[in-house]
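Engineer: mind looking at a prediction? Sequence and model below.
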Amino acid sequence: MLWYLIYPLRGTTEAPVLAPTHPLRRLFSRYGTWAARHVKIVLPISGAVVFLFLYLFPFLYTTETANITNGVSHLPHHVWTDAQPLAPGAGVEPDVIMRSIWVHGSYMKALERDVLLGALDLQDQILGPTTDFNPHQPHNPPVLPDQGADLDRQQRDAFHITNGLTNQSWFFHSPLQYWGGSAENIAADRHLSSTVNERKTQSTSVNTTLRHSIVFSGKRFEERQLVAADALVITLIHLRDSPVGEQWVRRVEALAHAAKHDSEWQIIPSDGRSTSNQLYKFQFQPMSWFDWAMLTLAYFLTIFNLLLRLSKLRAVKSRLGLMITILAQIAASIVSSFTVCAIFKIDLSRVPHYAYPLVILAISMENSFRLINAVIVTSSTISNSDRIGEAFGATAHIAVANRVQNSLLLYGLSKITSSGVSAFCTFAAIATLFDFFYLATFFLSVLSVDVRQRELWELEKVSLKRTKTSPGGLPRQSWIDGIYPRGLGETAMPTRIAGTVVLIGFVLIAQAHYTSEGDRQWWNQLVSLWKAANTPPKSSLLIDIHQARSPTSWLRLQDHETAREVINIVKPWAHSYVARVYDPVIFVLKGADRNPDTSEQLLLPALYDFFHHQLLRFFFWLAAMVTALCMFTNHLIKDRFEDGAGSDHPDDEPLLSVRSLTKGHTLDVAMLTASPGGQLVSVGLDRAVQVWDVPSGSRSRVLSDPEVPLENPFPVLSIALDAKSKWLALVSWQRVLLWNVEEQQWAGVRDIDLGGHRPEAVFFITKSLEAAPALVLVRRNGIGLEMQVKTEESRDFLICKTPLVWAVSFAEKCNSQQQAPLVAILTASRKSCIHLVRQQDNEWLSTEVQLEGVRGTRDIHCLLPIPALSMYLIGRSQSVDLVDLDSSTIVHTLQTETMRPRTLKQISLTRPQQPGLASLTLSYTSAETGDLVVHTYLPETETDTIPPFSPAEPGPHNPWIQTKETIKHITNPGAWEALPSGSIVGVRRKQPPPSSSSSPSSSPAPPSSGLRRRTGTPSSSSPNPTHNTTPSSKIQQTQAAAGAAGWEAWVFRLRPPDTQADFETRPLDDDDDDGQPNHHHHRRRHLMISELGPMTRLGTTSVAVGLGDVVKVVSVGRDGGLGSGLGMGVEGLPLQQVMGVGSRRKKGGRG
């Protein structure tokens, strides 16, 4: 709700997103990462805190329905109860009048014999004889005495309320009734304190219990026993016309007058007149059926909301586990808050217990789901610890702001509500603070363990499902999706403010249960309570006697059972009564020492008893619980954590998984291409074209007939799939054939003229969501061709007058007015001129890029766009230029080794909601050594980014100068591909075992190489197990060229912001095709393989490579290409979605 209140200042209701460089976000991110890496520490600590408050709970609360246990707090029941003052002008007639005297001896020594005997004497002088008090009499009408005359014992007892409720009725409470009002019993009692504790359940003649709370003031308890009291409280309760009340007033004043001359008592006020009084409402109202129904409905809606939101979490397998974790966190917060409130003597018994969990449940779920969604959004491709830390850093400040907002709201509400509701506000504020603590410890740890075990890989798997669209082409969105968006920060308005609305609504509804009986509305009472809260207290005449408990605070300590008993006496048909409470007349024994010898206990007495008698036992059970929790945590994450410093990938779990797509071809696979949706197309030398659905493993064949010219696409020069995997284009020398993948039939044939050269690029474009795609070909002669799929329309457009050597398409940034991103083309010609081709008003406009100072160089061999930054790379023989796409200005030049032409690839990682790059990785094949060279550029600090920079605009210094560069070499890389997930995957011939006569250069490198070898073979100065100096031709002669057994897949993965890297190899014939009975048969059927076939990128974490007549899918992760990264975009991926795939991998991997 805070963001709605400050909407006029911010212009948005969305919670603010802190930049990754913000100190607060960096602090939370670092803590989240640390907590995720140290689950073995954080989870037991949070468990120990929960255990502490849970262990204390039964020692601090009583479950006795009569609430007669001393020194402990009272648990709430099913009633609304309170003792609240009413405004002077409330217009309410009191039901009873309460008068009292307080008898003090020395400080906290009211239980001494002389004080008790003196109090008994005062009681008898004021009320008359009370020894063995039994007022019950035959039902004779009482006789009123003369005006001002005292009552004899029989007259007094006749008006007692046990003889019938009238306007003259009365009754009293006195601690002296423990001894039957007998001085002899008091004098003969050697254990006065024991008598007081043994008879605390004693009832009076009107069936009211002589609880210590109503007959003593300023009590001290030890081991739940009363050991000292500061004052004896004798209370008269009478109705308006009671003659006993009039006699009380006269005799107290007479005692005060006599004390001025000769008395053993000091009386305050000195004249014995208690003129100050206050109306109080004492309430004991059971929950009505309407209360039960409304609270039950609120709980049902809250639990329904919890289940509904869990069902919308597509990436969570254990929804039940998450629900239990959330409820356990809320339960821990509630128990902890109850315990803290008991420690500080905050009375929570005035609001029904059924209401307490509701508010915390509503507030807590919002922040828990925000964190879960943030973790899901980061996907499973950075290290688990970094993923948890990044998500916590992105959401923790919102959780803190919500806690502060709710705490301030609760503080304000506590000032204008009754004491019972005010105590509830205090409880809720404490519970929300505990909820954040457990969110940052317990919930974060459990979520981290769940991520490690499950990796939330269903997120990527679900993305493989084809999007169901409406007839108009737009994705269908149910009404429930509109209420519960799935992205980080996309919390819908009802859920963002639900907790605060429930909080305020419940407090106001609870306050309505404490309204006055009369013609005043409860809102007016809120105003009067606010005024009362801001009214300075009246000056007291009791400062000199150092009362341990003031009369006002004593009155508020009266429990609801006492109120219920009094209501049953004076107003049995109601749930409350109003009393005019007069200030007590204080009797202090002369010569008593009223200087406090001990300070009043700040905390609940039961807590001190716990420290004195239960501490050793508590530490024993705490140690046992922490040990058990540590063992359980170790069991949960056994073999899933590395004992090293925070790595999330154990050495015995493979990064790579391999899967075979078989029975599609009888001869070698010659061409491969893939779509973002996980569809793969292969063309073989057997003139078969197969369309593979990689997630399911199914395939369909393109029906071609060599005998029918219109259905014979061979020879196939290029193939292309559209983004939705609906259209397949097969380009031959003179024709383009279109195949409808969904309908599995030919859709048309177009004649073309390629000028005797293969096209440099073939791709589909979609100009709007409703329109059919168009096919674009870029010819080598510099002329492009666009043809519509569903019509015969086609057109040429000029790109460059010089023959092209490179062409690449990319999707530009999409503005708010565009339904789909526009596709642009970058080309390079033989003369090293660069052209940028963009769409404008359904036309293709080609613009030559003018780069200052470099026109004379002709070594451009490739162009790589980075659309997320509006930049592209120019690959030269020994350098790479970073060029701003809009201004055509060279931002920076990166020096490289001499690279083979057309081998440069890049991986650019970004951070959410922050411009710039988190890292840039360049990879290429060295022209001199044949090694794969990997350059990685990182910002100065791990949480920063390399900000966008254009020399054409005034600004700070070039940030690329300050970047950190790391260089790695991989020898004999074979065929390889750079994946947007931050990994480089390749396939090569297996390395021969090192001979004993190997040169020194083949010896393993020291650990300072920064490479983390993940297989059983030793690491070398490069990521290879050995640095073999044998020429590749010799290797080919010495290795058998039979089947897949002579090939291995490898993965190289750099882990920003560290400079460490993972490297792993795996035999290419070592498939993960579990459950396929013919798997070994497939392995034996490999053709004789002398060289690799084509390789193409498949999604963000996989590659497909032709190996004879089989297509091998090599994935970084455990699912073998079934889900991880397929169906996702491949450019400009956030850092959270691209680093560290596969933390949950199959145990015991090979290779």
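Structural biologist: Received the coordinates, thanks.

Engineer: okay, the strand or helix carrying residue 171 in CSV with CA atoms only?
Structural biologist: When elements are defined using DSSP states H and E, residue 171 is found to belong to strand 170-173. Taking C-alpha atoms only, strand 170-173 is exported to CSV below (Å, rounded to 0.1, in the frame of the first residue of the first chain):
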residue,chain,number,x,y,z
TRP,A,170,-23.4,-5.2,47.1
PHE,A,171,-20.5,-7.7,47.5
PHE,A,172,-16.8,-7.4,48.1
HIS,A,173,-13.4,-9.0,47.5
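
Engineer: would you mind pulling up the elements that it packs against?
Structural biologist: Other helices and strands packing on strand 170-173, by 3 or more CB pairs under 8 Å, 6 or more residues apart in numbering; DSSP states H and E, are strand 225-238. (Glycine included, C-beta is placed from N, CA and C.)

Engineer: after the strand holding residue 171 comes which helix or strand?
Structural biologist: Next along the chain after strand 170-173, with elements defined by DSSP H and E, is helix 183-188.

Engineer: right, and the helix or strand after that following helix?
Structural biologist: Reading on from helix 183-188 to the C-terminus, the next helix or strand found by DSSP H and E is helix 192-198.

Engineer: buried ones in that following helix?
Structural biologist: Burial within helix 192-198, assessed by neighbour count using 16 or more other CB atoms under 10 Å, is assigned to 195, 196, 197.

Engineer: what sits closest to residue 826 if chain neighbours are left out?
Structural biologist: In space, residue 826 comes closest to residue 863 once its chain neighbours are excluded; the distance is 4.5 Å by CB to CB, 6 or more residues apart in numbering.

Engineer: for that neighbour, give the beta-bridge partners.
Structural biologist: Taking DSSP bridges as the rule, residue 863 bridges to residue 874.

Engineer: and it, what does it touch?
Structural biologist: 806, 808, 826, 827, 828, 834, 872, 873, 874, 875 (CB atoms under 8 Å, 6 or more residues apart in numbering).

Engineer: what's the end-to-end length of stretch 732-744?
Structural biologist: With CA to CA, to the nearest Å as the measure, the ends of stretch 732-744 fall 20 Å from one another.

Engineer: do stretch 409-428 as well
Structural biologist: Counting by CA to CA, you get 11 Å between the two ends of stretch 409-428.

Engineer: for that stretch, give the mean pLDDT please.
Structural biologist: Across stretch 409-428, the average pLDDT comes to 87.

Engineer: got the buried residues for it?
Structural biologist: Neighbour-count burial for stretch 409-428, with 16+ other CB under 10 Å as criterion, is recorded at 409-410, 413-414, 416-428.

Engineer: can you tell me how far the closest residue to residue 848 other than its chain neighbours is from residue 967?
Structural biologist: In space, residue 848 comes closest to residue 835 once its chain neighbours are excluded; the distance is 5.5 Å by CB to CB, 6+ apart. Spatial separation of residue 835 from residue 967 under the definition CB to CB, to the nearest Å is 32 Å.

Engineer: re earlier: what about the contacts of residue 863, which are in helices?
Structural biologist: Among the contacts of residue 863, DSSP state H puts none in helices.

Engineer: in a markdown table, list those residues along with pLDDT and neighbour count.
Structural biologist: Converted to a markdown table, the contacts of residue 863 look like this (pLDDT from 0 to 100; neighbours: other CB atoms under 10 Å):
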| residue | pLDDT | neighbour count |
| --- | --- | --- |
| 806 | 89 | 20 |
| 808 | 90 | 18 |
| 826 | 91 | 24 |
| 827 | 92 | 27 |
| 828 | 90 | 24 |
| 834 | 89 | 22 |
| 872 | 89 | 24 |
| 873 | 91 | 22 |
| 874 | 90 | 26 |
| 875 | 90 | 25 |
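
Engineer: could those go into JSON lines alongside distance to residue 585?
Structural biologist: Written out in JSON lines, the entries for the contacts of residue 863 read as follows (distance: CB to CB, whole Å):
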{"residue": "806", "distance to residue 585": "103"}
{"residue": "808", "distance to residue 585": "97"}
{"residue": "826", "distance to residue 585": "97"}
{"residue": "827", "distance to residue 585": "103"}
{"residue": "828", "distance to residue 585": "103"}
{"residue": "834", "distance to residue 585": "101"}
{"residue": "872", "distance to residue 585": "93"}
{"residue": "873", "distance to residue 585": "93"}
{"residue": "874", "distance to residue 585": "98"}
{"residue": "875", "distance to residue 585": "99"}
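
Engineer: out of these, list just those in strands.
Structural biologist: Cross-referencing the contacts of residue 863 with the strands (criterion: DSSP state E) gives 806, 808, 826, 827, 828, 834, 872, 873, 874, 875 as the overlap.

Engineer: and the third one, bridged to which residues?
Structural biologist: Taking DSSP bridges as the rule, residue 826 bridges to residue 808, residue 836.

Engineer: that one against residue 871, yeah?
Structural biologist: No. Because the distance of 11.3 Å does not satisfy CB atoms under 8 Å, residue 826 is recorded as not touching residue 871.

Engineer: who touches both of those two?
Structural biologist: Jointly contacting residue 826 and residue 871 under the rule CB under 8 Å, 6+ apart are residue 865.
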